[in-house]
Each structure stands twice: as C-alpha cells, then as structure tokens.
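Undergrad: Structure for the following, please:
(2 chains)
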Amino acid sequence: MAQDSPPNKSTPTNHRRSRTKFTQDQLKVLIKAFDKNPYPGYATKEKLALEVNTEESRIQIWFQNRRARHQKKSESDENLESSQDHDHLEEEIQSREDRHRRCRTNYTPSQLHTLVEAFSNNAYPGFDSREQLAKEIGIPEPRIQVWFQNRRSRFHVQRKREPDKNLEQRQDQEQDL
DNA sequence: GCTAATCTTATCAACAACCTGTTGATAAGCCCATTAGC
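TA: Numbers count the residues shown, from 1 in each chain, chains lettered A, B, ... in the order given. This next block holds a predicted model:
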C-alpha cells in the first residue's frame, strides 16, 4: 500500500532536489519578466529558461514563489496606481495571450504501470527516486513530480469518500432487512 | 532570515466519445501554506 504520509526526514532516498542558486544576472532577467507578466505561459518560461540557462521547471517554481511573496504587495500597489489602468489593460491582454499551457503528457500503459507500482511502494519519492523513474520510463522528472502530486491528491479524495460509501452500503443493507 | 523546494487542495482544460468522467497542468496558500538549505 502507498505510504500515506509526508516523507520521513530520516529516509536517505527522500532527498530534496539541491537548491538552485540564481546569480544576480539571472535574477535581473527573471524579475524584469515577472514585472512584465507574473503569469507567463509555457513558451515564455521555456524562453526564459534558455536565456538564464536553467530548466523550465525551475522557472515555474521561481514564478510560483515570487507570486506568493509579492501578491499582497501588488494588490496594494494596484489601488494606488488606478491612473495607470490603460497600461494594465495592455499588459492583461498580453498576459492572456501568453497563457498557453504546456501540452498534456500522454503516458503509455507501460509507463503508467511503472508509476503506479512506484506509487504503491512510496507515495513520496525523493528527487533521486524521481530521477531514476524519469530515466526508466523516458519522461522528464518534473512531469513525474506532478504525476505523484495528482495521484496523492486523488488518493486522498478517494479515501475521504470511502467512509461515506461504506455508510451508504450499511444503510442499504439495513433497509433490505 | 531568505528563499528554493515541496506539500495539499481546488480548479482549469485536453481528450476520448458526444455529455461527462478522467487526468495532466496550474494556482493559491490569509494568525500572508510548510520545510529545509545556505
């Protein structure tokens, strides 16, 4: 059965990915892009990744973290800058055009079998395990990470629903008697 | 202490079949998510 709790800190295979250290030059590029559009689409993130010589997944995480830290500030700024509505409108249009998502990954039955088996052994694989799986089935590691996130989430939802289902079954049985 | 990495939860959206369920991708997180490396 899948491990249904966050990873054990003492488990050696559950290492995190090593921290990315962005240089000042890289940060300059990223901050400029963020100020222009805090919700870049996949194409823009890919372009930025090339420009600052890192992986697209690192760009995605950087934007997520930056939004989390700057959401509050930008909301209050927006109230002060109501005179700049026109500029905001143009940016909004541009950002809407740039919201194309990454293409869906289509897993083959064999790839899914490997993933499901891995999930049943450990629902919280560390970076090394994810990399190993990625190599094994030929899918990028960030996609593996998302697959596990979705699988855990749906696993938790299913588990929450199960008691209700059991209760319904019991009620049905009682009615039959 | 700052911030990259990771987590859960909710939602969007593509896809297979024809309206809806499944599932990959993305966003938010409010006593402003938590964890952990530097």
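Undergrad: how does chain A divide into domains?
TA: A:24-99, A:109-176 (automatic domain parsing).
Undergrad: end-to-end on the first one?
TA: With Cα to Cα, to the nearest Å as the measure, the ends of domain A:24-99 fall 27 Å from one another.
Undergrad: In this structure A:Val29 contacts A:Ala49, no?
TA: No. Applying Cβ atoms under 8 Å, one finds A:Val29 not in contact with A:Ala49, separated by 10.6 Å. C-beta here means a position set from N, CA and C on the backbone, and glycine is covered the same way.
Undergrad: thinking again about what came up before, nearest to A:Arg16 among the domains of chain A would be which one?
TA: domain A:109-176 (5.9 Å; Cβ to Cβ).
Undergrad: before we move on, the earlier item: out of the domains of chain A, nearest to DNA strand B?
TA: Nearest of the domains of chain A to DNA strand B, taken as Cβ to the nearest atom of the strand: domain A:109-176 at 3.2 Å.
Undergrad: same question for the closest one, mean pLDDT?
TA: The average pLDDT within domain A:109-176 is 86.
Undergrad: right, quick check: that domain against DNA strand B, any contact?
TA: Yes. Applying Cβ under 7 Å from any atom of the strand, one finds domain A:109-176 touching DNA strand B at A:112, A:124, A:126-127, A:143, A:145-154, A:156-157.
Undergrad: which among these end up buried?
TA: A:Tyr124, A:Gly126, A:Arg143, A:Gln145, A:Trp147, A:Phe148, A:Arg151, A:Arg152 (16 or more other Cβ atoms under 10 Å).
Undergrad: On the three-state scheme, the first one is what?
TA: With DSSP: H, G, I helix; E, B strand; the rest coil as the basis, the three-state label of A:Tyr124 is coil.
Undergrad: do stretch A:37-45 and DNA strand B meet?
TA: Yes. Residues of stretch A:37-45 are located near DNA strand B by Cβ under 7 Å from any atom of the strand, namely A:Tyr39, A:Tyr42.
Undergrad: Identify each buried residue in that stretch, please.
TA: For stretch A:37-45, the buried set under the neighbour-count rule, 16+ other Cβ under 10 Å, comprises A:Asn37, A:Pro40, A:Gly41, A:Thr44, A:Lys45.
Undergrad: How far does that stretch stretch from one end to the other?
TA: The first-to-last residue distance of stretch A:37-45 comes to 11 Å (Cα to Cα).
Undergrad: which stretches of chain A form helices?
TA: For chain A, the helices defined by DSSP state H occupy A:24-36, A:42-52, A:56-80, A:85-97, A:109-121, A:127-137, A:141-176.
Undergrad: export these to TSV and tack on distance to A:Ser18?
TA: Formatted as TSV, the helices of chain A follow (distance: least, Cβ to Cβ, whole Å):
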stretch	distance to A:Ser18
helix A:24-36	16
helix A:42-52	17
helix A:56-80	11
helix A:85-97	32
helix A:109-121	22
helix A:127-137	8
helix A:141-176	13
